[in-house]
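Peer 1: next come a sequence and a model predicted from it.
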Amino acid sequence: MVFLNIPLLQQPEVYLGNIAELFNERGEVIDQGTKDFLQTFAAAFARWVRTWAKTAGE
């Protein structure tokens, strides 16, 4: 991807295992540690998108 000049979010990475234990039948996250982790990832992803959105207009 770097060769193609495509920006990638390299960190943080998200790998979820044992998801049957992390989500309820409605698809809601029930594990607080997982909620916190996903919120941290979502915040980092949002910052990354804002950074690249600024440079896309240049």
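Peer 2: Structure received.
Peer 1: how far out from the middle of the chain is the helix or strand hosting Arg47?
Peer 2: Assigned by DSSP states H and E, Arg47 falls within helix 32-56. How far helix 32-56 lies from its chain's middle: 6 Å, per Cα atoms, centre = their mean, to the nearest Å.
Peer 1: which residues sit in contact with the most centrally placed residue in the chain?
Peer 2: Nearest residue to the geometric centre of the chain (Cα atoms, centre = their mean): Phe41, 4.2 Å. Residues in contact with Phe41 (Cβ atoms under 8 Å, 6 or more residues apart in numbering) are Pro12, Val14. Heads up, the C-betas are built off the backbone N, CA and C, glycines and all.
Peer 1: surely Lys35 and Val29 touch.
Peer 2: Yes: in this structure, Lys35 is within contact of Val29 by Cβ atoms under 8 Å, at 4.9 Å.
Peer 1: pick out whichever of those two has more residues nearby.
Peer 2: The neighbour comparison of Lys35 against Val29 (other Cβ atoms under 10 Å) goes to Val29, with 17 against 13.
Peer 1: thinking the more buried one is in contact with Phe23, fair?
Peer 2: Yes: look at Val29 against Phe23 with Cβ under 8 Å: they come within range, at 5.9 Å.
Peer 1: from Leu9, how far off is Asn24?
Peer 2: 28 Å (Cβ to Cβ, to the nearest Å).
Peer 1: next one: Phe23
Peer 2: Relative to Leu9, and taking Cβ to Cβ, Phe23 is found at 23 Å.
Peer 1: pLDDT wise, what is the residue lying closest to Val14 once chain neighbours are set aside at?
Peer 2: What sits nearest to Val14 in space, not counting adjacent residues and going by Cβ to Cβ, 6 or more residues apart in numbering, is Phe41, at 5.3 Å. At Phe41, the pLDDT value in this model is 92.
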